[in-house]
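Q: Generate coordinates for the sequence data below:
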Amino acid sequence: MYEGIEGAIILSMIALVMVFIILGLLALLMVGLRKIVEISAVRVAKEKKVITTDQKDIRKEEKLIVPIDKKETVVTEQRESEEIIALISAAVASYQHMTGRAQPFNVIGIKRIMSQTLNPWSISGRQNMMTERISISARKKGGF
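A: Take a look at the predicted model:
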């Protein structure tokens, strides 16, 4: 049916037209989806803007509750630190009992040791020194 050069040209034209038709349909689909998303976003925004007076009162009550929650978190943090101290004391006592050194002791305080963070300037300096060493050793070995 499509033979020779003429057939090849006709088939390539048909394929080209089909590709552009499919690309056009995909573009229309993307535009349609964008419109749908915009419409749904506008609806959600309108629903959020509509606040009744009851909801305003609830928000005022929530603001009054916040400081109480902060006090409760401070109390729970103190309880957690006391529990941690008790656990560490129990671990030390059990270790001493197992090793046979059952001497009385009192835990005066526990201080958490935080690792010192490195200064960004010192990190940059170290990286610079390492890259210089690498470049020097590459030159000596016949590299770049």
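Q: tell me the domain ranges of the chain?
A: 1-50, 52-99 (automatic domain parsing).
Q: can I get those in CSV with mean pLDDT, distance to S124 and mean neighbour count?
A: C-beta: built from backbone N, CA, C; applies to glycine. Shown next, in CSV, are the domains of the chain (pLDDT from 0 to 100; distance: least, CB to CB, whole Å; neighbours: other CB atoms under 10 Å):
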stretch, mean pLDDT, distance to S124, mean neighbour count
domain 1-50, 89, 44, 10
domain 52-99, 65, 37, 10
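Q: Export those to CSV and append columns for distance to K111.
A: Formatted as CSV, the domains of the chain follow (distance: least, CB to CB, whole Å):
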stretch, distance to K111
domain 1-50, 48
domain 52-99, 11
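Q: Look at S122 and say how many residues are nearby.
A: Number of residues near S122 (other CB atoms under 10 Å) recorded here: 9.
Q: likewise R133?
A: Other residues near R133 come to 10 when the count uses other CB under 10 Å.
Q: Where does it fall, secondary structure wise?
A: R133 is part of helix 120-140, with elements assigned from DSSP states H and E.
Q: hmm, back to that, which stretch among the domains of the chain approaches I136 most closely?
A: Nearest to I136 among the domains of the chain is domain 52-99; the distance by CB to CB comes to 49.8 Å.
Q: where along the protein do the strands fall?
A: Counting by DSSP state E, one finds no strands in the chain.
Q: Of the domains of the chain, which is nearest N119?
A: That would be, of these and by CB to CB, domain 52-99, which comes in at 29.9 Å.
Q: so which of the domains of the chain comes closest to I134?
A: Nearest to I134, of the domains of the chain and by CB to CB, is domain 52-99 at 45.2 Å.
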